[in-house]
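Chemist: Any chance you could fold what I've pasted below:
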Amino acid sequence: MNRRDFSQWMAALGGVAAVQGLQAQGGPVEGVHYVKLSQPAPVSAPTGKIEVLEFFWYGCPHCNALEPALEAWIKRLFVDVAFRRVPVAFSATHESHQRMYYALEAMGQLDAMHRRIFAAIHTQQQRLDREADQVAFLKAQGVDEAKFLEMTKSFSVQTKMRQAKQLSSAYKIDGVPAFGVAGRFYTAGSLAGDNQRALAVADFLIDRARKGG
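Modeler: Numbers count the residues shown, from 1 in each chain. A predicted model of the protein is given here:
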């Protein structure tokens with residue numbers, strides 16, 4: 001991707017500071033704004049698709065703040081990109097949120113509840129660390145309590161939690177939000193400069209993967 005193209009897709013993000021900052025450095029630099037994994041991470045995207053992962057935690061204020069820009073960015077991704085979120089499990093609290101995420105996904109309730117959970121934690125100051133608190137909140141949102149509890153203990157949810165931990169380990173995730181691309185690249189706000197720039201670097205990495213770089 002040449003510098004002109006780089007400027008255009010960064011400008012499309014609406015991040016003027018991101019454009020100016022990375023342009024001044026000549027574009028994303030390996031080892032500075034992103035990392036190429038020495039050992040490729042597992043990829044589950046269909047053949048011909050570029051897998052892009054967002055590692056996140058519901059309790060992370062930076063993940064919450066990024067969500068509107070992230071959702072807009074997802075809508076602009078080309079059809080050859082397979083995007084999915086991966087909730088991390090750095091602690092028991094993280095794991096509790098991870099289990100809630102995958103249980104809701106298994107129930108087909110994730111799209112309806114994802115932003116509501118962020119809002120409950122960061123706007124309404126609700127603690128959703130314990131299962132009882134999650135059940136009370138979700139029941140108030142019309143989610144089937146018994147089905148939710150059943151899914152939290154299901155084999156499929158346990159499997160996805162185990163796979164998420166393996167991915168976090170493979171990408172060496174130590175903070176969120178962070179992005180994995182094509183099983184080969186990793187970037188985050190701490191590398192790119194801020195989370196808006198991380199989306200721009202992710203675009204750059206998607207294009208690099210598309211071209212076989």
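Chemist: ranges for the helices of this protein?
Modeler: Ranges of helices in the chain, per DSSP state H, are 3-12, 16-24, 61-76, 92-107, 110-122, 131-140, 145-152, 155-170, 189-192, 195-210.
Chemist: Minimum distance to residue 46: which of these has it?
Modeler: helix 195-210 (14.5 Å; CB to CB). Where C-beta positions appear, they are placed from N, C-alpha and C, glycine not excepted.
Chemist: mean confidence score for that closest one?
Modeler: The pLDDT scores in helix 195-210 average 97.
Chemist: now stretch 121-128
Modeler: Confidence for stretch 121-128, expressed as mean pLDDT, is 96.
Chemist: who's the residue nearest the centre of the chain bridged to?
Modeler: For the chain, the residue nearest the mean C-alpha position is residue 54 (1.7 Å; CA atoms, centre = their mean). For residue 54, the beta-bridge assignment (DSSP bridges) gives partners residue 85, residue 179.
Chemist: wait, it sits on residue 88?
Modeler: No - between residue 54 and residue 88 there is no contact under CB atoms under 8 Å: 10.3 Å.
Chemist: Quick check: which of the helices of the chain is buried the most?
Modeler: Among those, the stretch with the highest mean neighbour count (mean count of other CB atoms under 10 Å) is helix 195-210, at a mean of 23.
Chemist: can you give me the angle that helix makes with helix 61-76?
Modeler: Interaxial angle, helix 195-210 versus helix 61-76 (axes from the mean of the first three to the mean of the last three CA atoms, to 10 degrees): 40 degrees.
Chemist: how about low-confidence regions in the protein?
Modeler: 1-25 (pLDDT under 70).
Chemist: and residue 111, how far is that from residue 204?
Modeler: Relative to residue 204, residue 111 is positioned 28 Å away (CB to CB, to the nearest Å).
Chemist: Hmm, I typed the wrong one, I wanted residue 105.
Modeler: For residue 105, the distance to residue 204 - CB to CB - is 29 Å.
Chemist: ok, now which residue in this protein is the farthest from the centroid?
Modeler: Going by CA atoms, centre = their mean, the residue of the chain most distant from its centre is residue 146, 28.2 Å out.
Chemist: distance of that one from residue 157?
Modeler: Distance from residue 146 to residue 157, by CB to CB: 15 Å.
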